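> Structure for this input, please:
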Amino acid sequence: MRIQGMHQLAAGVLTVAAPVATWGLVGRQDEPGVPPRQLDRAVQPPDVPAGAETALGLGALLLAALSAALLVRASRSGSFDRRWWQVLAPLVAAGVLAGAGWQVVTAGVIGANIGAGMFLVLGTPVIAGLVLWAVGRGIWLSRAGGGGLGDGYTPGSPAGSGA
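Modelled structure (predicted):
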């Protein structure tokens, strides 16, 4: 696998592992002391034992940390273009919000799940904005090899100077 391919793999793993880690480590947010059959849910959560959720969260956290460490090291050595963090950071933030939001939406409560409604009204547009920013910035960076600034672009030089 090429070095560039390794960076792409690490970026993909980081992007996917962040929401899974958040989901697993936040854990179920059910109303304490109430039997499960009496709880109301906006959305039924997947039938995963609580211990398995935590184990998945820890595994995903480890994968995310290793991927982030690889990308940070590559950024510092210059083999990974630092501008791509402008794509990765919003995707990771959106994933963390989605992972936490999923636990809120699937929480068992008595009565209405106000948190689910708040997340859908406030969290969903934030996640959509982060993803749209990342997609737009990714397209911009991939155009013309220099972030759309032309073939003569060199990081650290004024745009269009070619040197």
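> Run through the chain and note the low-pLDDT ranges.
1-3, 144-163 (pLDDT under 70).
> Just give me the longest helix of it.
As assigned by DSSP state H, the longest helix anywhere in the chain is helix 50-77.
> what element comes up after that one heading to the C-terminus?
For helix 50-77, the following helix or strand on the C-terminal side (DSSP states H and E) is helix 85-105.
> How about residues contacting that next one?
11, 14-16, 18-24, 26-29, 42-43, 71, 75, 113, 115-116, 118-120, 123-124, 126-127, 130-131, 133-134, 137-138, 141 (Cβ atoms under 8 Å, 6 or more residues apart in numbering). Placement of C-beta: from N, CA and C, glycine included.
> Show me which of the residues you listed are buried.
Among these, those classed as buried by 16 or more other Cβ atoms under 10 Å are 11, 14-16, 18-24, 26, 29, 42, 71, 75, 113, 115-116, 119, 123, 127, 130-131, 133-134, 137-138, 141.
> In helices only, show me those residues.
Short answer: the buried ones among the contacts of helix 85-105 in helices (DSSP H) are 11, 14-16, 18-24, 26, 71, 75, 115-116, 127, 130-131, 133-134, 137-138, 141.
> now the longest helix of the chain: how far from the chain's centre is it?
Centroid displacement of helix 50-77 relative to its chain, using Cα atoms, centre = their mean, to the nearest Å, is 12 Å.
> List the buried residues of that helix.
53, 56-57, 60-61, 63-64, 67-68, 70-71, 74-75.
> So which elements touch it?
helix 3-26, helix 85-105 (3 or more Cβ pairs under 8 Å, 6 or more residues apart in numbering; DSSP states H and E).
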